[in-house]
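> predicted model and sequence below, questions to follow.
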Amino acid sequence: MIRSLTSSDIKTIFKVINEAAQAYKGIIPKDRWKEPYMLIDELKKEIEAGVKFFGWEEEDKLIGVIGFQPVKDTTLIRHAYVLTKYQRRGVGRKLLSYLMSLAKTPEILVGTWEDAIWAIQFYEKYGFTLVSPEEKDRLLRTYWSIPERQIETSVVLKFERSSL
């Protein structure tokens with residue numbers, strides 16, 4: 001079941017993100033990795049900046065989260081994570097499809113680490129396409145608030161609707 005998450009879910013969102021983010025350890029640049037991967041204060045700042053989280057629950061347990069952030073003229077998919085033991089069961093697909101149905105903009109963007117091939121392939125499977133390195137830099141600087149080093153080591157994928 002998908003539900004909108006609230007501030008009372010922040011500790012559980014934090015746990016899901018940090019457990020699932022272990023998949024990136026050794027993949028993303030060492031200078032960008034930290035443990036926990038996302039601090040609770042960073043998560044709070046993301047929510048304050050307008051990231052709205054949704055979660056997938058099974059038997060009253062939150063097993064997947066995904067964020068949605070309208071920014072200017074686009075929609076960003078943010079912080080999509082599924083607990084390791086529940087991956088490859090369609091949870092990510094269901095969460096992504098749900099958020100894509102909520103988006104009101106003609107394009108949806110997602111950023112991920114350039115070496116996270118599985119993440120890139122996941123989004124490509126659902127109609128997202130990689131943008132050029134030049135467009136990636138422009139988009140990351142326009143729509144995200146991330147360090148320059150993260151811009152250097154990330155990619156952006158775009159989904160464009162043919163009509164709304």
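Received the coordinates, thanks.

> how close does Gln150 get to Gly64?
From Gln150 over to Gly64 the distance is 23 Å, taken as Cβ to Cβ, to the nearest Å. C-beta coordinates here come from the backbone N, C-alpha and C atoms, glycine included.

> Gly111 too?
Distance from Gly111 to Gly64, by Cβ to Cβ: 19 Å.

> so these two - more neighbours on which side?
Gly64 (24 against 21; other Cβ atoms under 10 Å).

> now the more buried one: how far from Tyr86?
The span separating Gly64 from Tyr86 equals 7 Å under the rule Cβ to Cβ.

> other SSEs contacting the helix or strand encompassing Lys44?
Element membership for Lys44, per DSSP states H and E: helix 40-48. Other helices and strands packing on helix 40-48, by 3 or more Cβ pairs under 8 Å, 6 or more residues apart in numbering; DSSP states H and E, are helix 10-20.

> tell me which residues in the helix it packs on are buried?
Applying a neighbour-count criterion of 16 or more other Cβ atoms under 10 Å, one finds 12-14, 16-20 buried in helix 10-20.
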